[in-house]
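[1] need a structure here:
(one chain, ligands or ions: 1)
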Amino acid sequence: MHGNVMLVTGGSRGIGAATAHLAAQAGYAVLVNYAADARAADAVVADIRRRGGTAESVRADVSIEADVEAMFAAADAMGRLRVLVNNAGVFDQPSPVAEMSLARIERNFRINVFGSFLCAGAAIRRMAVSRGGAGGAIVNLTSAAAKLGAGGENVDYAATKGAVDSFTVGLAREVAADGIRVTAVRPGIIDTEIHASGGRPDRVADMTPNLPMRRPGTAEEVARAILWLASDDAAYSTGAILDVSGGRSILP
Ligand code: NAP
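    The predicted model follows:
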């Protein structure tokens, strides 16, 4: 048992890995979740341990209930769960809505939305003061796409993040009196592997000249916002969605 635990879903790379590193530096025992790439998750864990931190990895598909239960049991074994970061997410190749298969749309919603619901439910059952918990924080990952809509590219993905926005606000009100704060970070274009996994390895470079700051964000810039929202410095913030988009998500 190590104390205060932060569970980062999709913590094996990108924004999740940066969050895991900062969480360890902040003194959390970190549970690094991944779906497929055990080697990447284990590298994050090894790096944290090399720097004197505490971390474990756990394989779980956030869209599968049994996996989620097993993942939270692994968190329980590390200490008291204080923070859940609902970071795991997927992004597909560009497609018009008229050509999208149900399987594709379902996969986006199962992982980006249903997974966040399942993980939040498991976290609340542990954190809620009315259930004997000590309170805590849930930080969701939404996207500038929720505002922009991603027409002609990934309307399915954008719609999942619109759902995450509503989920954040509604859940924040639902559990506010139970000592749990629910917030979200809204990244813009962040330089991670998600763009290549959506079939567009050059997407960040292609978009950079048109970004308001003429540069993409870094995973660490997003992770810093996540750590702040999770911390007691944000003690009176709930239902808040913090843009970390370099101006991209400001609507005209
Ligand atoms: P990434 O580099 O593609 O990493 C995704 C992570 O999610 C990986 O650790 C992956 O693990 C994990 N994952 C995927 N499916 C999973 C599942 N079913 N169950 C558990 N873990 C799963 O992504 P990222 O760019 O860091 O994005 C992180 C979050 O920020 C996502 O929610 C994304 O939508 C959001 N976001 C990103 C950007 C951006 O520009 N990068 C912008 C806005 C919002 P495996 O490798 O093992 O599959």
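
[2] contacts and neighbour counts: CA atoms only from here.
    Will do.

[3] how near is the residue nearest to residue 62 when sequence neighbours are not counted to residue 109?
    Using Cα to Cα, 6 or more residues apart in numbering and skipping the chain neighbours, the partner closest in space to residue 62 is residue 115 (4.6 Å). Using Cα to Cα, to the nearest Å, residue 115 is found at 8 Å from residue 109.

[4] likewise residue 56?
    Distance from residue 56 to residue 109, counting by Cα to Cα: 27 Å.

[5] residue 23 too?
    Distance from residue 23 to residue 109, by Cα to Cα: 27 Å.

[6] now swap in residue 40 and tell me
    The value you get for residue 40 to residue 109, if Cα to Cα is used, is 24 Å.

[7] between the two, tell me which one has more neighbours.
    residue 109 (22 against 16; other Cα atoms under 10 Å).

[8] residues contacting that one?
    Applying Cα atoms under 8 Å, 6 or more residues apart in numbering, we find residue 109 in contact with 156, 157, 160.

[9] closest one of the residues you listed to the ligand?
    Nearest to the ligand out of the contacts of residue 109 is residue 157 (Cα to the nearest ligand atom; 7.8 Å).

[10] which elements pack onto the strand or helix carrying residue 39?
    Using DSSP states H and E, residue 39 maps to helix 38-50. Under the contact criterion of 3 or more Cα pairs under 8 Å, 6 or more residues apart in numbering; DSSP states H and E, helix 38-50 touches helix 14-25, strand 29-34, strand 54-59.

[11] how about the residues of this structure by the ligand?
    Proximity of the chain to the ligand, by Cα under 6 Å from any ligand atom, involves residues 9-16, 34-37, 60-63, 87-90, 111, 141-143, 187-194.
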